[in-house]
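Chemist: one predicted model, sequence on top.
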Amino acid sequence: MNPFPVVSSAEMKVVFGTEGSDHSHFAREFLLRYPLGAETEVHCCSVYSASHIITATSHPFLGPMIADQITQAVDDAREHAEKVSTEAAAAFPNSKAVILEGDAAHSLAKYSEDQHADMTVLGSRGQSTFETLLLGSVTRTLANDANLDLLVTRKRDFALPAGISAMFATDHSDFAEGVAAKLPSLVNGKFKSLEVVSVMDRESKDLLYAFPRAKKGENWPEMEKSMEEWLRQKTEEVAVQLHPLTEVVTSSIQYGHDRDTIVSHAGATGCDLVIIGAKGRTGLSRLLLGSVSHYVLNRAKCSVMILRA
């Protein structure tokens, strides 16, 4: 019996934030490859802001002089937003072009919440050694502050000619189990491949805490071996549960510090997408984003999906 609910593709709703850049174009291409299903509603949203009109035109001397120019600039911005959203919507079989006005992050978050969107999608700026430059300000704000399931795409060559190669990273916490249970509601079709990955961090107190209590008198080498066997079994169980979501499913145990290992393994395998929970046993950090997920989102060279259980 499948432990996860079967969700009709007609129930899915995706909010895609686009501003017409190359990164947004890649996000659109990524969504076209992602197993959404033809019935999924894709709301292609472009945001423009007119708030600076009030500030500029309120000046007693400059206001009247530049009011016309500012008004024209806002009209141009709105027309651009309309063009961008309409072009993006044309790529999807069941779509809607949406124009939003205001702060981009706040507007996208509010619209996603109001629409009860299953997933919000944005493109990142690219690669950088500085975290503040790696993600655009809108993406960073939504990741850290908004209670949304977020897909952040990173522009790069796809691993496969068609479809998506994905990796699901789990620490087998209650939160991660909730994320695994939620994932089928965000997939209406199949990934080309899916690898379930757990990290055996020998210095992690969190892993020791999650591991069932060791047998009385068991020494550390014996307990470490038991812990590794338990972790492997749990990872294989998740792979079996997620098998309906993919054409090919595998599982593996990686060794090292959790967040670094997830990023390096994703790079080594060349996967298109890392799926990870917003937090784990380490609790809250960076507001709603856990320290591991924050690190992966900023450092992975591929696209990253952050899920809230």
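Modeler: Noted; the coordinates are in hand.

Chemist: how close does residue 96 get to residue 160?
Modeler: 29 Å (Cβ to Cβ, to the nearest Å). To be clear about C-beta, it is placed using only N, CA and C from the backbone, and glycine gets the same treatment.

Chemist: remind me which residues of the stretch 1-150 of the chain are low pLDDT?
Modeler: Low-confidence segments of the stretch 1-150 of the chain (pLDDT under 70): 1-10, 51-68, 125-136.

Chemist: mind running it again at 80?
Modeler: 1-11, 50-74, 125-137 (pLDDT under 80).

Chemist: going along the chain, name the helices of it.
Modeler: 22-33, 51-57, 62-89, 104-114, 131-134, 137-145 (DSSP state H, counting those that start in this stretch).

Chemist: I'd like the ones you listed laid out as CSV, including distance to residue 122 and mean neighbour count.
Modeler: Formatted as CSV, the helices of the stretch 1-150 of the chain follow (distance: least, Cβ to Cβ, whole Å; neighbours: other Cβ atoms under 10 Å):
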stretch, distance to residue 122, mean neighbour count
helix 22-33, 7, 18
helix 51-57, 21, 13
helix 62-89, 12, 15
helix 104-114, 8, 19
helix 131-134, 13, 13
helix 137-145, 5, 20
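
Chemist: can you give me the buried ones in stretch 255-274?
Modeler: Residues of stretch 255-274 classed as buried by neighbour count (16 or more other Cβ atoms under 10 Å): 258-259, 261-263, 265-266, 269, 271-274.

Chemist: and the end-to-end length of it?
Modeler: 17 Å (Cα to Cα, to the nearest Å).

Chemist: what average pLDDT does it get?
Modeler: For stretch 255-274, the mean per-residue pLDDT is 95.

Chemist: need the contact partners of that stretch.
Modeler: 30, 33, 158-160, 164-167, 169, 171, 193, 195, 197, 199-204, 252, 254, 276, 291-292, 295-296, 299-305 (Cβ atoms under 8 Å, 6 or more residues apart in numbering).

Chemist: whichever of those residues end up buried, select them in ChimeraX.
Modeler: Filtering the contacts of stretch 255-274 down to the buried ones (16+ other Cβ under 10 Å) takes a single ChimeraX command:
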select :30,33,158,159,164,165,166,167,169,171,193,195,197,199,200,201,204,252,254,276,291,292,295,296,299,300,302,303,304,305
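
Chemist: just the contacts of stretch 255-274: which are in helices?
Modeler: Within these, residues falling in helices by DSSP state H are 30, 33, 291-292, 295-296, 299.

Chemist: need the max-distance pair from the residues you listed.
Modeler: Taking Cβ to Cβ, the two most distant members of the ones in helices among the contacts of stretch 255-274 are 33 and 291; they sit 29.9 Å apart.

Chemist: run a quick neighbour tally on the nearest residue to residue 78 once chain neighbours are set aside.
Modeler: Closest residue to residue 78 apart from its sequence neighbours, by Cβ to Cβ, 6 or more residues apart in numbering: residue 48 at 5.2 Å. When neighbours are counted by other Cβ atoms under 10 Å, residue 48 registers 21.

Chemist: what residues does residue 49 make contact with?
Modeler: 77, 101-104.

Chemist: contacts only, for residue 305.
Modeler: Neighbours of residue 305 in contact, by Cβ under 8 Å, 6+ apart: 119, 149-152, 186, 273-276.

Chemist: no more questions from me, cheers.
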